[in-house]
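In: sharing a sequence plus its predicted fold:
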Amino acid sequence: MTIWAAEVCKAKGLAMVPAPNRRAALDHLRQFVPRAGASYASNRNTDPGPGRPAAVSRLSPAVRYRLVTEQDVVAEVLGRHSFNAAGKFIQEVCWRTYWKGWLELRPVVWQRFLAERDGARDAMAGSADLLAAEEGRTGIDCFDAWARELVETGYLHNHARMWFASIWIFTLRLPWTLGADFFLRHLIDADAASNTLSWRWVAGLQTAGKTYLARADNIARYTEGRFAPRGLAQEAAALTEAPVGAAGTLLPLAASDPAAPSLLLVHHEDLHSESLFAAGAPVAGVLAVCDPALLWGDAARRFAGEAVADAATRAEAHFRCGSTLADRLDAETVIAAAQAAGARQVLTPFAPVGPVADALARLEPALAAEGIALRPVRRRWDAGLWPHARRGFFAFDAEIEGHLRAEGML
């Protein structure tokens, strides 16, 4: 039996995240909504510690796997608050959208990260300093506590993530890619875009020359005096890299055949197929896959595994067809499921840059050889907002209100 993260946290009296199913995520969202206005804006930077009430929603695992979508979250919030009153929270929700769009337009940054991470792993093999950082034995009180909290719970407050990354890079002088990898291996909510680009931002790579310096007084203030770190770096010289290159374009996707019998392929990047495909879509069967090789850590694998099972149950009811769970996203598995359903096309939510997108790219020619078309479908939310992620976040932020109005949400 798997144990989902919220039960682990509950048993230890630690930070709670929603259970890995849509009903629990919606309940969690609706309980938070009254606090999404001024309360969130005023107190969101405070990290009171595990097991204590905080101003943040802790919805990130549910949003990361789209048990609830960004549109779900914003719509619920706007049902209680004005856009201006909840602007800070809506902005934070849209950071995840921005990061995904930014990386989608510059996929080379993800490939560069993977290569640099692997090189750093080889160079740091057996490093006592790296091991001490990962095990929380550096002697820096806050950093060590966060390292242990992350490993035990799969969660860290967003402000703590920034402090942690800054100390890792500028005080401990460890490779940023290995810090990003440490987060990938332990955060339940880690995704390729948000994690990689947030670490790059702290390091001064994402916005060239702009770094984030963790300061002892700031940490003491926003952890309510829990920590008094000593020996932190007093300056943060930006890291440098070869130019990334200009942003690309968001390529159109081939249209699906509205009449062709289809297999719905559900993967962990988007677990609310009911809002992406109409109940009348020609879905003859559902294949829901949680491939552990496409997730980085055990906590994420446990959470995603149960979330995928929940998504399969919902999809089966929505489309009134059978569903199958699988643990491999490969050609053999998908072709067998498509043929069993009599499907000539495979419908699936579009996967952003990362391991699932790579797996789908490998699938496409193998499916085509069997006369089966792979048809990813991109959400309107992504299609409307990702193209605006060509520059910095503030230019992107200026487009959010207009997008919400165009979608009838304001």
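Out: Everything's here; your move.
In: let's verify Leu205: helix, strand, or coil?
Out: With DSSP: H, G, I helix; E, B strand; the rest coil as the basis, Leu205 sits in coil.
In: surely it meets Ala238?
Out: Yes: at 7.3 Å, Leu205 counts as touching Ala238 under the criterion of CB atoms under 8 Å. To be clear about C-beta, it is placed using only N, CA and C from the backbone, and glycine gets the same treatment.
In: out of those two, which sits in the more crowded spot?
Out: For the pair Leu205 and Ala238, the greater number of neighbours falls to Leu205 (20 against 14), based on other CB atoms under 10 Å.
In: got the contact list for that one?
Out: Leu205 is in contact with 176, 238-241, counting by CB atoms under 8 Å, 6 or more residues apart in numbering.
In: go again using 10 Å as the cut-off
Out: By CB atoms under 10 Å, 6 or more residues apart in numbering, the contact set of Leu205 is 109, 176, 197, 199, 211, 238-241, 244.
In: redo those residues as CSV? Include pLDDT.
Out: CSV is the format used below for those (pLDDT from 0 to 100):
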residue, pLDDT
Val109, 98
Trp176, 98
Leu197, 98
Trp199, 98
Thr211, 98
Ala238, 97
Leu239, 97
Thr240, 96
Glu241, 96
Val244, 93
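In: can I get the residues you listed in TSV including distance to Arg375 and secondary structure?
Out: TSV is the format used below for these (distance: CB to CB, whole Å; DSSP: H, G, I helix; E, B strand; the rest coil):
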residue	distance to Arg375	secondary structure
Val109	27	helix
Trp176	37	helix
Leu197	28	helix
Trp199	34	helix
Thr211	43	coil
Ala238	43	coil
Leu239	40	coil
Thr240	42	coil
Glu241	36	coil
Val244	31	coil
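In: can you show me the strands along the chain?
Out: 262-266, 283-289, 323-326, 345-349, 373-377 (DSSP state E).
In: buried set for stretch 400-407?
Out: Residues of stretch 400-407 classed as buried: 400, 403-404 (neighbour count, 16 or more other CB atoms under 10 Å).
In: what's the answer for stretch 380-400, then?
Out: Judged by neighbour count using 16+ other CB under 10 Å, the buried positions of stretch 380-400 are 381-382, 384-390, 393, 396-397, 399-400.
In: tell me, how many residues neighbour Ala351?
Out: Neighbour number of Ala351 under other CB under 10 Å is 22.
In: so for it, what's the pLDDT?
Out: According to the prediction, Ala351 has pLDDT 98.
In: residues contacting it?
Out: 192, 267-270, 294, 329, 357-361, 376, 378.
In: try 8 Å
Out: Shown in contact with Ala351 (CB under 8 Å, 6+ apart): 267, 269-270, 357, 360, 376.
In: tell me the confidence at the nearest residue to Met124 once chain neighbours are set aside?
Out: In this structure, Met124 finds its nearest non-sequential neighbour in Leu130, 5.0 Å apart by CB to CB, 6 or more residues apart in numbering. Leu130 carries a pLDDT value of 98.
In: so how far is His186 from Leu130?
Out: Per CB to CB, to the nearest Å, Leu130 is found 15 Å from His186.
In: more crowded one of those two?
Out: The neighbour comparison of Leu130 against His186 (other CB under 10 Å) goes to His186, with 23 against 20.
In: what sits against Arg378?
Out: Residues near Arg378 by CB under 8 Å, 6+ apart: 253, 350.
In: now do it, the pLDDT please.
Out: Looking at Arg378, its pLDDT stands at 98.
In: stretch 86-95: how far from the chain's middle?
Out: When distances are taken as CA atoms, centre = their mean, to the nearest Å, stretch 86-95 is centred 15 Å away from the chain's centroid.
In: buried ones in it?
Out: Here stretch 86-95 shows 86-87, 89-90, 92-95 as buried, counting by 16+ other CB under 10 Å.
In: tell me which of the strands of the chain is the most buried.
Out: Of all the strands of the chain, strand 262-266 carries the top mean neighbour count, a mean of 28, counting by mean count of other CB atoms under 10 Å.
In: distance between that one and the chain's centre?
Out: Its chain's C-alpha centre and that of strand 262-266 lie 22 Å apart, by CA atoms, centre = their mean.
In: equivalent analysis for stretch 238-254, please.
Out: Relative to the centre of its chain, stretch 238-254 is centred 19 Å away, using CA atoms, centre = their mean.
In: what about it, how long is it end to end?
Out: One end of stretch 238-254 sits 42 Å from the other (CA to CA, to the nearest Å).
In: need the contact partners of it.
Out: For stretch 238-254, contacts defined as CB under 8 Å, 6+ apart pick out 101-102, 104-109, 112, 169, 176, 203-205, 208-211, 350, 373, 375-378, 383, 386-387, 389-390.
In: residues contacting the residue nearest to Met124?
Out: Counting by CB under 8 Å, 6+ apart, Leu130 makes contact with 124, 174, 178.
In: if we use 10 Å, what do you get?
Out: Contacts of Leu130 (CB under 10 Å, 6+ apart): 120-121, 124, 168, 172, 174-175, 178-179, 182.
In: and Leu329, by the same measure?
Out: For Leu329, the contact set (CB under 10 Å, 6+ apart) comprises 265, 267-268, 287, 289-291, 293-294, 348, 351, 355-356, 358-360, 362-363.
In: how far away is it from Ala315?
Out: As judged by CB to CB, Leu329 and Ala315 stand 16 Å apart.
In: please apply the same query to Phe83.
Out: 32 Å.
In: just Ala237 next, same as before
Out: Note on Ala237: its distance to Ala315, by CB to CB, is 50 Å.
In: cool, Asp122 as well?
Out: Distance of Asp122 to Ala315, computed by CB to CB: 42 Å.
In: the two: who's more crowded?
Out: Legend: neighbour count by other CB under 10 Å for Asp122 and Ala315, higher for Ala315 (23 against 8).
In: and the more buried one, what does it touch?
Out: Each residue near Ala315 by CB under 10 Å, 6+ apart is listed here: 264, 266, 271-274, 277, 283, 285-288, 321, 323.
In: pLDDT added to these, as a markdown table?
Out: A markdown table is the format used below for the contacts of Ala315 (pLDDT from 0 to 100):
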| residue | pLDDT |
| --- | --- |
| Leu264 | 98 |
| Val266 | 98 |
| Leu271 | 98 |
| His272 | 98 |
| Ser273 | 97 |
| Glu274 | 96 |
| Phe277 | 95 |
| Val283 | 97 |
| Gly285 | 97 |
| Val286 | 98 |
| Leu287 | 98 |
| Ala288 | 98 |
| Cys321 | 96 |
| Ser323 | 96 |
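In: thanks a lot, see you next time.
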